[in-house]
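Student: Show me the folded form of this:
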Amino acid sequence: MGSSALASKARIRLGIIANEFFDHRISRLGGFGMLSKQIVEAAGISHDPKIDVDLYWCEPDREALAKIGKQQVYGRPLRTPSWKWHGDKFAIVAKRAVPDIWLTIDYRKNYEYYLSMFPNAPMIMWVQDPKTPEDWARIATTSVPGHEGIEPQGLGYIDCTPLADLVKQRRESGSRTIFAAPSPFLESKVESTYGLKADEVASLCYPMAPAPDGPYIKSEKPTVMFLGRLDPQKRPWIIPEIAKKMPDVTFRVFGKSHFTGPGAWEPKDLPSNIEMLGHMEGEDKHKNIASAWIHLNPAIHEGLPIAFVEGLQCEVPLVSCVNPENVTQRFGRYIPKCSGDGLDTIDDFVAAIRELVDNEELRRQLGREGREWANETHSAQNFLKSFNSLLAQADAMKIQEVA
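Tutor: Numbering: from 1, shown residues only. Below you'll find the predicted structure:
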């Protein structure tokens, strides 16, 4: 039931709790899911300690699960709730799969189903996408062109303040909770998002696999990429409007939408210089990213997108209206307007993209600097080093009052 000497164990069982996993057979594909995949891959190269990962899915698609047979993702056990708490807990104990430590991909109220089974296991709450009241107010201005008056799908308010009660309960029972984040930019949002003050937010970077060594062969024709879901939060309808004004530039769109129908964007009547590539993985994805000149992100809100790091690993500078950790300003061009449907930003995006297309020296310099930052800041090796430090921190923790 969770040892108090985690840092000295030769083998650690890590339970990852999330509401999505990066497997198109069963789940929507997004950043939270990709993180779980990256952690499993990083665990595979960890030897001191060895890390056994179990995946806990709190929002399962039963119909999809029925089609895949054995419940595994990335070769690791995938546990889903029957909502018979005692039976589910007994099954985990019987398989000798009690976690030594939990890691939650951000926080959702339904995570508590599994957390409550083994409260002696320390919990790392990995802050990913905290949204302050100001963030929610800006998100609420979003409208999908052609769907005015209809609430955009996927942007409904998520109340994360119950985390404060959970942490208080864990403290009172002697359980340990550690807050961690991949970027200092996210730390300032913890209190207003989760309803509590964290004494410390530890650094836990993204466990990125290294991009293949360069040089990166860029496409002959100017190419702008978009990498992400085609959901209202990302405002993908801005892309074709930019493309119409830049017929000499190819726009490659990676990703799919989670939604259909009223309040969702569906691509149609696109200009001929847009290529819809859908979901890609592996070498094909890397080659297409590496060949891009510029990474376009018109989202109304982001944490620190993994996609930013993926692009910068391949020397692709950014143009975006979000600027987490000043990454966009440092390694690209930042468009400060970021509300509503975003159609009033088209000319600003066009000007920023045109500057980078026309100035090869600047574009390559920003790409090189971005790659250096991405590789130094986010890697599987750095993740494992920080994770081991968190194990030692959990061992040494005294239970603190949480405001």
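
Student: Can you mark which positions in stretch 175-184 are buried?
Tutor: S175, R176, T177, I178, F179, A180, A181, P182, S183 (16 or more other C-beta atoms under 10 Å). Heads up, the C-betas are built off the backbone N, CA and C, glycines and all.

Student: Excluding chain neighbours, what is closest to the second one?
Tutor: Taking C-beta to C-beta, 6 or more residues apart in numbering, and ignoring the residues beside it in sequence, R176 has P122 as its nearest neighbour in space, at 4.0 Å.

Student: if I pick that neighbour, what's in contact with it?
Tutor: G2, L6, I101, W102, S175, R176, T177, I178, A394, M397 (C-beta atoms under 8 Å, 6 or more residues apart in numbering).

Student: What of V316?
Tutor: By C-beta under 8 Å, 6+ apart, the contact set of V316 is M225, I289, A290, A292, W293, I294, H295, G367, G370.

Student: which secondary structure element contains it?
Tutor: For V316, there is no helix or strand it lies in under DSSP states H and E.

Student: Go through the contacts of V316 and name the one nearest R138.
Tutor: H295 (21.9 Å; C-beta to C-beta).

Student: mean confidence score for stretch 374-381?
Tutor: The pLDDT scores in stretch 374-381 average 96.

Student: can you map out the strands along the stretch 51-200 of the chain?
Tutor: Along the stretch 51-200 of the chain, counting by DSSP state E, counting those that start in this stretch, strands occupy 72-73, 76-79, 101-105, 123-126, 177-181.

Student: Determine which of the ones you listed approaches M280 most closely.
Tutor: Once the strands of the stretch 51-200 of the chain are compared by C-beta to C-beta, strand 72-73 is nearest, at 18.8 Å.

Student: can you redo the contacts of P122 as JSON lines with pLDDT and distance to E112?
Tutor: Listed next are those as JSON lines, based on pLDDT from 0 to 100; distance: C-beta to C-beta, whole Å:
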{"residue": "G2", "pLDDT": "43", "distance to E112": "17"}
{"residue": "L6", "pLDDT": "92", "distance to E112": "22"}
{"residue": "I101", "pLDDT": "97", "distance to E112": "16"}
{"residue": "W102", "pLDDT": "98", "distance to E112": "11"}
{"residue": "S175", "pLDDT": "92", "distance to E112": "12"}
{"residue": "R176", "pLDDT": "93", "distance to E112": "16"}
{"residue": "T177", "pLDDT": "95", "distance to E112": "12"}
{"residue": "I178", "pLDDT": "96", "distance to E112": "17"}
{"residue": "A394", "pLDDT": "94", "distance to E112": "19"}
{"residue": "M397", "pLDDT": "84", "distance to E112": "20"}
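
Student: thinking again about what came up before, is it possible to get JSON lines of the strands of the stretch 51-200 of the chain that adds distance to I150?
Tutor: JSON lines is the format used below for the strands of the stretch 51-200 of the chain (distance: least, C-beta to C-beta, whole Å):
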{"stretch": "strand 72-73", "distance to I150": "34"}
{"stretch": "strand 76-79", "distance to I150": "35"}
{"stretch": "strand 101-105", "distance to I150": "29"}
{"stretch": "strand 123-126", "distance to I150": "33"}
{"stretch": "strand 177-181", "distance to I150": "34"}
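
Student: among the ones you listed, which gets the worst mean confidence?
Tutor: The minimum mean pLDDT among those belongs to strand 72-73 (a mean of 86).

Student: picking up where we left off before, tell me the one of the contacts of V316 nearest A351?
Tutor: When the contacts of V316 are compared for distance to A351 (C-beta to C-beta), I294 wins out at 12.7 Å.

Student: count of neighbours near the nearest residue to S219 once chain neighbours are set aside?
Tutor: Once flanking residues are discounted, S219 sits nearest to S291: 4.5 Å by C-beta to C-beta, 6+ apart. Residues near S291, counting by other C-beta atoms under 10 Å, number 18.

Student: From L390, how far out is I150?
Tutor: 43 Å (C-beta to C-beta, to the nearest Å).

Student: just W265 next, same as before
Tutor: For W265 relative to L390 (C-beta to C-beta), the value is 39 Å.

Student: State the helix or strand in which V309 lies.
Tutor: Going by DSSP H and E, V309 is in helix 306-313.

Student: Equivalent analysis for L296, please.
Tutor: Applying DSSP H and E, one finds L296 within strand 294-297.

Student: mind exporting that strand as CSV, just the C-alpha atoms?
Tutor: Only the C-alpha atoms of strand 294-297 are listed here, as CSV (Å, rounded to 0.1, in the frame of the first residue of the first chain):
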residue,chain,number,x,y,z
ILE,A,294,6.4,27.8,-39.6
HIS,A,295,4.1,26.5,-36.9
LEU,A,296,0.7,28.3,-36.8
ASN,A,297,-1.5,28.1,-33.7
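
Student: possible to save the contacts of P122 as CSV with distance to T377?
Tutor: Converted to CSV, the contacts of P122 look like this (distance: C-beta to C-beta, whole Å):
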residue, distance to T377
G2, 31
L6, 25
I101, 24
W102, 25
S175, 31
R176, 27
T177, 25
I178, 20
A394, 24
M397, 26
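
Student: The strand holding L296 - contacts with which helices or strands?
Tutor: Helices and strands touching strand 294-297, as assessed by 3 or more C-beta pairs under 8 Å, 6 or more residues apart in numbering; DSSP states H and E, comprise strand 223-227, helix 306-313, strand 318-320, helix 346-358.
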